[in-house]
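Undergrad: Structure for this input, please:
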Amino acid sequence: FTLDAVLPLPISYNPQTAADELNLPVVLIEEFVEDFIEQAHQDKDHLLASYYQKDMDNIHELGHKLKGAASNLRINELADILEEIQYCTEHDKLEPLFIKYWGHFLSLEDYMKQLKTA
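TA: Below is the predicted model of the structure:
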């Protein structure tokens, strides 16, 4: 099981919405999202290692940490799926959740890359 072949899933994210809700400059939100993307890449390997070791505690901890960041940045699709990962108690249900999470994540990453080049 790997996330390398996961295809992007649509995501409806707008940093401006988060900026308005949080009363912060949109450029700051975009920086935070970039940090989140970097962190998620680092945590991906930890998530998969924990999956193989059946370390549910660590999976829940990583899910919680990433969900908090996604939620704070108003990345709702990611926050929702990460919450499912955080509270998932059955190891055999994790794989489709990881795939869904990574699919939405890839769309977020693509979107942020397009913003930079726009």
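Undergrad: Make sure E34 is actually in contact with M112.
TA: Yes - in this structure, E34 is within contact of M112 by CB atoms under 8 Å, at 6.5 Å. Every C-beta, even on glycine, is put in place using the N, C-alpha and C of the backbone.
Undergrad: what's the average pLDDT for stretch 52-68?
TA: Average pLDDT, stretch 52-68: 97.
Undergrad: Next, the buried residues of that stretch.
TA: In terms of neighbour count (16 or more other CB atoms under 10 Å), stretch 52-68 has its buried residues at D55, I59, H60, L62, G63, L66, K67.
Undergrad: List of residues touching that stretch?
TA: Under the contact criterion CB atoms under 8 Å, 6 or more residues apart in numbering, stretch 52-68 has outside partners 36, 39-40, 43, 46-47, 49-51, 78-79, 82-83, 85-89, 91, 94.
Undergrad: One more pass at 6 Å, please.
TA: Identification of contacts with stretch 52-68 by CB atoms under 6 Å, 6 or more residues apart in numbering yields D43, H46, L47, S50, A79, L82, E83, I85, Q86, H91.
Undergrad: okay, now the fourth one: neighbour count?
TA: Right, the one you point to is S50. Using other CB atoms under 10 Å, S50 is surrounded by 20 other residues.
Undergrad: now it, nearest residue through space, not along the chain?
TA: The shortest distance from S50 to any non-neighbouring residue, by CB to CB, 6 or more residues apart in numbering, is to N58 (4.1 Å).
Undergrad: ok, now the first one?
TA: What sits nearest to D43 in space, not counting adjacent residues and going by CB to CB, 6+ apart, is L62, at 5.4 Å.
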